[in-house]
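**Student:** Turn this into a model:
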Amino acid sequence: MTERSRLLLQVVCTLTFFSATYAQNPTPRTNRYTVPPQPPQAQRENFSPELLAELAAIKSAALGDDYAYQHLAHLTENIGPRPSGSPQAQAAVEYVAGELRQLGLDIHLEAVKVPHWVRGAESAELIEYPGQAPGTTQKIVLTALGGSTSTPAEGLSAYVVVVNDFDELKALSRDQIAGKIVLFNEIYDKQKAAGGLAFAAYGEAVRYRAAGPKAAADLGAAAALVRSVGGADFRLPHTGFNFPAGVPAGAVTAEDAELVAHLAAQGKVRIHLTLTPQKLPDGTSYNVIADLKGSEHPEQIVVVSGHLDSWDLGTGAIDDGAGVVIAMECAELLQKLHLHPKRTLRVIAWMDEESGGAGSQAYTKDYSAEFPRHVAAIESDAGAAHPLGFDVKISPKAMDLLRPVTNVLQSTGANVLQPSSYPPGADIAGMSEAGVPAFGIMEDGRTYFHYHHTAADTLDKVVPGELRENAAAMAVMAYALANMKDPLPR
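**Tutor:** I've put the predicted structure just below:
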């Protein structure tokens with residue numbers, strides 16, 4: 001697979017997770033699958049009274065357990081931001097592996113070759129615009145997009161071309177773009193997000209961050225800027241992955257995108273842009289893989305997971321330290337309650353989800369022969385807010401069989417199963433495409449993109465009680481999948 005194909009696969013998986021199933025729904029409740037009545041015999045065969053009692057005990061224990069929050073505090077505050085290839089990412093690998101080892105799990109560190117990109121200086125100012133007072137400039141607030149190349153150390157100055165979408169870009173000639181800075185002013189739909197469709201709003205706007213800089217560079221642009229993808233407009237820029245474009249690429253705040261667009265409608269606007277990131281040599285990092293061996297079918301695997309790397313602006317609390325620690329708590333709860341999964345519970349802390357997906361690709365390569373024995377894969381990578389249930393890519397028959405599990409989770413409100421034609425998580429995409437039943441925790445995402453990929457992704461955004469609800473949802477579903485009589489049909 002070529003480098004471009006590899007990156008395309010990762011972005012497609014990520015964007016489809018964030019947008020596809022949500023975009024299909026005109027309202028927050030449309031197209032959610034209501035599990036139909038199930039024959040009592042099928043329920044009895046797969047979920048004994050003893051198993052249902054154990055699921056209820058797991059839920060109750062999780063709602064009173066602060067294990068996940070305590071470890072999230074350490075990951076975010078003691079270790080800090082964890083971009084792939086960084087010393088903090090390595091420290092996080094060692095910390096998570098050590099804590100899971102203390103729980104008695106079998107630990108394997110799967111080596112992963114990861115990119116190492118570091119953010120340098122980043123600044124911009126308007127140096128020419130209509131109505132400019134003599135001898136003045138205006139500051140523009142921005143941040144470099146992941147993988148961006150550098151301007152000269154002294155920066156570059158160029159006129160701006162503002163486009164609202166790819167069609168507007170295509171309508172311009174190369175002469176109109178060459179040597180200029182292209183600003184993609186695609187607006188994140190805050191009203192849609194407030195109505196419960198934040199991930200659909202994200203999916204519509206994030207394609208300009210992912211592919212816009214490359215499209216501009218192909219027409220000879222000197223640099224590319226995108227309007228930040230997210231809400232809560234407090235002049236806060238949102239970083240993120242983009243296709244390697246060969247030109248400097250950054251995200252400006254929504255307020256500054258509006259400013260530039262308004263001025264450009266009046267006349268010429270010129271920006272002085274300085275971005276000095278560096279791409280260092282690729283390094284070796286690790287997926288943390290920790291097994292709680294099954295008592296009857298150890299060769300059958302149920303995966304619970306989140307990604308350990310984060311962007312560097314904040315401390316990666318909601319993206320995705322929360323996912324890692326609730327996966328860790330699944331194992332902690334079973335050990336604390338002296339419960340024994342019949343199938344192996346595998347906790348995975350993925351590496352490099354944010355900047356290319358090297359961790360999930362390594363796992364797919366190394367373990368694909370075992371995917372027929374992977375019973376299910378669960379990922380949490382949509383924040384730490386109140387869970388509503390699961391996005392699922394499973395068969396209709398499998399959904400029918402899970403009615404007892406959704407009944408257990410009903411009291412927490414996490415009982416929705418929403419079918420998806422796409423993998424419900426970037427890191428489990430390889431397993432899902434191979435036919436492994438896939439589950440992604442579905443969050444109340446109305447405020448998620450206020451903080452996503454920003455300096456405000458910090459521990460204070462996580463409500464401990466909601467994190468406990470997430471742990472309950474993942475642990476109950478995971479133990480059910482590990483202990484129901486038969487694996488889910490594919």
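
**Student:** Could you use CA atoms for every contact and neighbour count after this?
**Tutor:** OK.

**Student:** Do you know the pLDDT at the spatially most central residue of the chain?
**Tutor:** Nearest to the mean C-alpha position of the chain, by Cα atoms, centre = their mean, lies residue 381 at 4.5 Å. Predicted confidence (pLDDT) for residue 381: 98.

**Student:** swap in residue 232?
**Tutor:** With respect to pLDDT, residue 232 has a value of 87.

**Student:** likewise residue 28?
**Tutor:** Note for residue 28: predicted pLDDT of 35.

**Student:** go on, residue 220?
**Tutor:** Reported pLDDT for residue 220: 98.

**Student:** Isn't it up against residue 178?
**Tutor:** Yes: if you go by Cα atoms under 8 Å, residue 220 and residue 178 touch, sitting 4.2 Å apart.

**Student:** List the contacts of the strand ranked longest in the chain.
**Tutor:** For the chain, the longest strand by residue count, based on DSSP state E, is strand 278-292. Here strand 278-292 makes contact (Cα atoms under 8 Å, 6 or more residues apart in numbering) with 84-85, 89-90, 93, 96-97, 100-101, 104-120, 147, 149-150, 331, 341, 344-351, 359.

**Student:** Could you list which of these belong to helices?
**Tutor:** 89, 90, 93, 96, 97, 100, 101, 331, 359 (DSSP state H).

**Student:** For the residues you listed, give me TSV that also has pLDDT and distance to residue 248.
**Tutor:** Shown next, in TSV, are the ones in helices among the contacts of strand 278-292 (pLDDT from 0 to 100; distance: Cα to Cα, whole Å):
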residue	pLDDT	distance to residue 248
89	98	25
90	98	28
93	98	31
96	98	35
97	98	37
100	98	41
101	98	43
331	98	44
359	98	26
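
**Student:** Now do the same for the longest strand of the chain: mean pLDDT, whole number.
**Tutor:** Mean predicted confidence for strand 278-292 is 97.

**Student:** And for stretch 460-479?
**Tutor:** For stretch 460-479, the mean per-residue pLDDT is 98.

**Student:** Just the buried residues of it, please?
**Tutor:** By 16 or more other Cα atoms under 10 Å, the buried positions in stretch 460-479 come out as 461-462, 464-479.

**Student:** what's the answer for stretch 85-103, then?
**Tutor:** 85, 86, 88, 89, 90, 92, 93, 95, 96, 97, 100, 103.

**Student:** for stretch 296-304, same thing?
**Tutor:** Applying a neighbour-count criterion of 16+ other Cα under 10 Å, one finds 298, 300, 301, 302, 303, 304 buried in stretch 296-304.

**Student:** Render the CA-only coordinates of it in CSV, please.
**Tutor:** Provided in CSV are the C-alpha atoms of stretch 296-304 (Å, rounded to 0.1, in the frame of the first residue of the first chain):
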residue,chain,number,x,y,z
GLU,A,296,-13.1,-21.6,28.8
HIS,A,297,-12.2,-20.1,25.3
PRO,A,298,-8.9,-18.2,25.7
GLU,A,299,-8.4,-18.2,22.0
GLN,A,300,-11.6,-16.1,21.5
ILE,A,301,-11.0,-12.4,21.9
VAL,A,302,-13.2,-9.5,23.0
VAL,A,303,-11.3,-6.2,22.4
VAL,A,304,-11.9,-3.0,24.5
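
**Student:** Need the residues that contact that stretch.
**Tutor:** For stretch 296-304, contacts defined as Cα under 8 Å, 6+ apart pick out 294, 327, 330, 342-348, 373-379, 474, 478, 481-482.

**Student:** Swap in 7 Å and give it another go.
**Tutor:** Outside stretch 296-304, the residues within contact range by Cα atoms under 7 Å, 6 or more residues apart in numbering are 327, 342-348, 373-379, 478, 482.

**Student:** Pull the distance from it to the chain's centre.
**Tutor:** How far stretch 296-304 lies from its chain's middle: 25 Å, per Cα atoms, centre = their mean, to the nearest Å.

**Student:** Kindly report the same for stretch 447-460.
**Tutor:** 12 Å.

**Student:** Straight-line length of that stretch, end to end?
**Tutor:** 13 Å (Cα to Cα, to the nearest Å).

**Student:** partner residues bridging residue 284?
**Tutor:** When bridges are called by DSSP bridges, residue 284 pairs up with residue 113.

**Student:** ok, it to residue 56 distance?
**Tutor:** Counting by Cα to Cα, the gap from residue 284 to residue 56 is 41 Å.

**Student:** Those two - which one has more neighbours?
**Tutor:** residue 56 (18 against 14; other Cα atoms under 10 Å).

**Student:** Can you pull the phi/psi pair for the nearest residue to the more buried one once chain neighbours are set aside?
**Tutor:** Closest residue to residue 56 apart from its sequence neighbours, by Cα to Cα, 6 or more residues apart in numbering: residue 408 at 6.3 Å. With angles defined as degrees, to the nearest 10, residue 408 sits at phi -60, psi -40.

**Student:** what number of residues lie near residue 408?
**Tutor:** Neighbour count for residue 408, taken as other Cα under 10 Å: 21.

**Student:** State the distance from it to residue 276.
**Tutor:** Relative to residue 276, and taking Cα to Cα, residue 408 is found at 52 Å.

**Student:** ok, back up a step: restricted to helices, list the buried residues of stretch 460-479.
**Tutor:** 464-479.

**Student:** Tell me which two of these sit farthest apart.
**Tutor:** Across these, no pair lies farther apart than 464 and 479, at 22.3 Å, counting by Cα to Cα.

**Student:** isn't residue 330 right up against residue 477?
**Tutor:** No: in this structure, residue 330 is not within contact of residue 477 by Cα atoms under 7 Å, at 9.8 Å.

**Student:** Tell me, how many residues neighbour the residue nearest to residue 361 when sequence neighbours are not counted?
**Tutor:** Nearest non-adjacent residue to residue 361, counting by Cα to Cα, 6+ apart: residue 430, 7.4 Å away. Neighbourhood size, residue 430 [other Cα under 10 Å]: 20.

**Student:** and what of the one 3 residues further on?
**Tutor:** With neighbours defined by other Cα under 10 Å, the count for residue 433 comes to 13.
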